[in-house]
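A.B. asks: Please find the sequence and the predicted model below.
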Amino acid sequence: MLEWLSDARQAKSLGLVILFTTFCLIVLWVYGSKKRGERLEQHKNIPFLDDADVAKDDSNGK
């Protein structure tokens, strides 16, 4: 097995498969849950909020 991985062509292919699989799993994790998606929708505008808006939202329990 280690001899197979020591060849650069196989190691590159294996690395590509591992990274692509990891990427796909992260995408599924982020967009897979409706609850998580709703939270992401709420957080997307945080950079544009004023400090007063953030304090008001925190006091309302959001």
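C.D. replies: Nice, I can see it.
A.B. asks: can you count the residues close to residue 13?
C.D. replies: Neighbour count for residue 13, taken as other CB atoms under 10 Å: 11. Using the backbone N, CA and C atoms, a C-beta is placed for each residue, glycine as well.
A.B. asks: Against residue 20, how distant is it?
C.D. replies: Residue 13 is 11 Å from residue 20, where distance means CB to CB, to the nearest Å.
A.B. asks: and the helix ranked longest in the chain, what's its mean pLDDT?
C.D. replies: Scanning the chain for the longest helix, with DSSP state H as the assignment, gives helix 8-32. The pLDDT scores in helix 8-32 average 87.
A.B. asks: Would you indicate which residues of that helix are buried?
C.D. replies: For helix 8-32, burial by neighbour count (16 or more other CB atoms under 10 Å) applies to no residue.
A.B. asks: Show me what it is packed against.
C.D. replies: On a contact count with 3 or more CB pairs under 8 Å, 6 or more residues apart in numbering; DSSP states H and E, helix 8-32 meets helix 2-6, helix 34-43.
A.B. asks: Understood, closing this out.
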